[in-house]
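[1] Predicted structure and sequence below. I'll ask about it afterward.
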Amino acid sequence: MSHRRPKGTYDVYPGDPSRQEPHERPDLWDRLYDAVRDLFRRYGYAEVRTPVFEEAELFVRSTGETSDIVRKEMFVFRDKAGRELALRPEGTAGVVRAYVEHGLYKLAQPVKMWYFGPMFRHERQQKGRYRQHTQIGAEVLGSDDPLVDVEVIALLYAIHRSAGVRKEVIHLNNLGDVETRRRYVPELRAFLERHRSELDPDSVARIETNPLRTFDSKDPNTQAVLREAPLIGEYLSEEASAYLKAVREGLETLGIPHVLDERLVRGLDYYTSTVFEAKSPVLGAQDTVGAGGRYNRLVEELGGPDMPGIGFGTGVERILLAAEAGGGESALDAFFVTLTPEARLPALRLAEALRAEGLSCELDYAGRSPKGQFRQADRAGAAYAVVLGEEELSGAFCTVRDMRSGEERRVSVAEGPKELLRAVAG
Ligand code: ATP
Ligand code: MG
């Protein structure tokens, strides 16, 4: 009897890259994780790790009773004591819960955190949409400085850029404060009521509960109706408009491509003020690579003091899809080709010395002929093949072949691996 992976999931495994989706390739995950960790270090963020399951109620309170996530997508289960738990569908709720639980609001603010981990949503599988996906996220708590918004968006953009996402534009909007929504929502609701018969059922259901989110509808008729709808920008308070302007100025200063998108509202209840989505046309239907926004009411909502916050979540699968798969770099610095059995231990010793200097090296462990070893070096994406045979051993040198140009040269190892290191690292 054999088993298959659960619906909507995928494996990351060392296979034939030409037949794998980018997010199935371990080399691409490694490279992305390293780049992301280094970026967060440069911006001064600390990694936070929270459980992959929480009380289901946490997500209901934060994401909102009427959100798609809570209504349709959560994996909910009971533990043996009957507690209702849920696999986390997103990262913000757990991080804010931890901020409150550990009293992090007593530290110097803002507290800047990042995470990288699996999220679970019961969705219909499509390209770029899975039941287990992985998000890279950031949360900054305890400051409502608009330059924090700029930093967070810049960081999202930098992550996508370093991964090779092409043609990305940041869509930006401001949902205003409580006052703004108090004035705007009744107007929008009245408009939607007038067009009730032209809307899809989901949108009709939202007229009462959360009319803002009708903008999220993918139904073409609803979208057509909404082109005439009143927009939140006309209702922003002076303060909120000034805030939006400050964020745009910051993005301008950093040269980050962005547009004001007044129909951008986001699907989660906790957003206030700044919201944004990073879009790449390369993705087609699922064109949002990552998204986020401010949640100035959420900390208090979850039992903490009145503290503002902002964050983003971006999907690893969509980043890798939107990126130029493969990239130019070699996967491996050197592959050691041994022409005689006696060369294996010296090769092992040299490989170990190069690894200690941070280079990646491999040897043959499958008893291949020299020709087979060269073929393997090529398959493994090695930049150099380092050849050791009888002649090399007696002369205390190795032959270094540049795998791209085919050029070969002798490198002495009489005085240790120093020269070889220079030849391969250069
Ligand atoms: P969508 O409108 O595509 O459903 P969303 O609003 O539900 O997106 P968010 O909650 O903002 O998405 O999640 C942030 C990011 O996480 C998304 O931009 C996407 O990259 C990724 N993501 C969300 N759900 C999935 C999923 N089911 N599979 C893969 N990636 C996902
Ligand atoms: Mg969704």
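    Happy to help now that I have it. Because the structure is predicted, anything quoted here is derived from the model rather than measured. Numbers count the residues shown, from 1 in each chain. Ligands and ions are numbered 1, 2, ... in the order given.
[2] so L251 sits right up against V150, yeah?
    Yes - if you go by Cβ atoms under 8 Å, L251 and V150 touch, sitting 6.0 Å apart. The C-beta positions use only the backbone N, C-alpha and C, and glycine is treated the same way.
[3] where in the stretch 251-400 of the chain is pLDDT low?
    Across the stretch 251-400 of the chain, the ranges flagged by pLDDT under 70 are 267, 324-330.
[4] Where does it get nearest to ligand 1, residue-wise?
    Nearest to ligand 1 in the stretch 251-400 of the chain, going by Cβ to the nearest ligand atom, is G315, at a distance of 2.5 Å.
[5] Quickly list what that residue is bridged to.
    Q135 (DSSP bridges).
[6] how many other residues sit next to it?
    Neighbours of G315 under the rule other Cβ atoms under 10 Å: 23.
[7] now L39
    18.
[8] Kindly report the same for the one 5 residues further on.
    Burial of G44 is recorded as 8 neighbouring residues (other Cβ under 10 Å).
[9] which residues sit in contact with it?
    Counting by Cβ atoms under 8 Å, 6 or more residues apart in numbering, G44 touches K112.
[10] The chain should start at 162 in everything you say after this.
    Noted, 162 is the first residue going forward, which turns the last one into G205.
[11] pLDDT score for it?
    If you check G205, the pLDDT there is 96.
[12] Now do the end-to-end distance for stretch 218-237.
    10 Å (Cα to Cα, to the nearest Å).
[13] from the chain's centre, how far out does it sit?
    Put simply, stretch 218-237 sits 21 Å off its chain's centre (Cα atoms, centre = their mean, to the nearest Å).
[14] Quick one: mean pLDDT over that stretch.
    91.
[15] in it, what's buried?
    Within stretch 218-237, the residues scored as buried using 16 or more other Cβ atoms under 10 Å are 219-225, 228-231, 234-236.
[16] Ok, stretch 535-550 next?
    Within stretch 535-550, the residues that qualify as buried are F535, Q537, A538, A543, A544, Y545, A546, V547, V548, L549, G550, counting by 16+ other Cβ under 10 Å.
[17] One more: stretch 409-420?
    So for stretch 409-420, counting by 16+ other Cβ under 10 Å, buried means R409, G411, L412, I417, H419.
[18] got it, and stretch 327-346?
    Within stretch 327-346, the residues scored as buried using 16+ other Cβ under 10 Å are 329-338, 341-342, 345-346.
[19] Make a markdown table out of these and add distance to ligand 1 and pLDDT.
    Shown next, in a markdown table, are the buried residues of stretch 327-346 (distance: Cβ to the nearest ligand atom, whole Å; pLDDT from 0 to 100):
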| residue | distance to ligand 1 | pLDDT |
| --- | --- | --- |
| E329 | 12 | 92 |
| V330 | 14 | 95 |
| I331 | 13 | 97 |
| H332 | 12 | 97 |
| L333 | 15 | 97 |
| N334 | 14 | 96 |
| N335 | 17 | 95 |
| L336 | 14 | 92 |
| G337 | 20 | 89 |
| D338 | 22 | 81 |
| T341 | 22 | 84 |
| R342 | 19 | 82 |
| Y345 | 21 | 90 |
| V346 | 20 | 89 |
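[20] quick one: which of the residues you listed is nearest S441?
    Among those, E329 lies closest to S441 (Cβ to Cβ), at 4.8 Å.
[21] what helices or strands is the helix or strand D195 falls within leaning on?
    If you go by DSSP states H and E, D195 is part of helix 187-204. In terms of contacts (3 or more Cβ pairs under 8 Å, 6 or more residues apart in numbering; DSSP states H and E), helix 187-204 is packed against strand 272-281, helix 307-324, helix 477-483.
[22] Within its sheet, name the partner strands of the helix or strand just after that helix and how each one runs.
    Where DSSP H and E defines the elements, the next helix or strand beyond helix 187-204 is strand 207-208. Strand pairing for strand 207-208, using DSSP bridges, gives strand 272-281 (parallel).
[23] Y204 touches E312, doesn't it?
    Yes - if you go by Cβ under 8 Å, Y204 and E312 touch, sitting 6.8 Å apart.
[24] who has more neighbours, those two?
    The residue with more neighbours, out of Y204 and E312, is E312; 22 against 15, by other Cβ under 10 Å.
[25] Give me the local confidence score for the more buried one.
    So, for E312, pLDDT stands at 97.
[26] try L360
    On the pLDDT scale, L360 gets 96.
[27] before we move on, which element is the closest residue to it other than its chain neighbours in?
    Distance criterion Cβ to Cβ, 6 or more residues apart in numbering; nearest residue to L360, sequence neighbours excluded, is T383 at 5.1 Å. Taking DSSP H and E as the definition, one finds T383 inside helix 381-387.
[28] which strands and helices sit next to the helix or strand just after that helix?
    On the C-terminal side of helix 381-387, the closest following helix or strand by DSSP H and E is helix 399-415. Packing partners of helix 399-415 (3+ Cβ pairs under 8 Å, 6+ apart): helix 307-324, strand 330-335, strand 419-421, strand 433-440.
[29] out of those, deepest packed?
    strand 433-440 (a mean of 25; mean count of other Cβ atoms under 10 Å).
[30] In contact with E389, which residues are there?
    F352.
[31] Show me which residues of the protein sit near ligand 1.
    Within the chain, the positions near ligand 1 by Cβ under 6 Å from any ligand atom are 251, 282, 284, 289-291, 294, 296, 428, 447, 449-452, 474-476, 478-479.
[32] The protein - how does it break down into domains?
    Per the record, the chain has its domains at 178-338+398-483, 493-586, by automatic domain parsing.
[33] out of those domains, deepest packed?
    domain 178-338+398-483 (a mean of 19).
[34] what's near enough to touch the closest residue to Y171 other than its chain neighbours?
    Sequence neighbours aside, E185 is the residue nearest to Y171 in space, at 5.9 Å (criterion: Cβ to Cβ, 6+ apart). Neighbouring residues of E185 by Cβ under 8 Å, 6+ apart: Y171, D172, V173, Y174, G176.
[35] correct me, but the first one touches E182?
    Yes - at 7.1 Å, Y171 counts as touching E182 under the criterion of Cβ under 8 Å.
[36] Relative to ligand 1, how far out is the residue nearest to L360?
    15 Å (Cβ to the nearest ligand atom, to the nearest Å).
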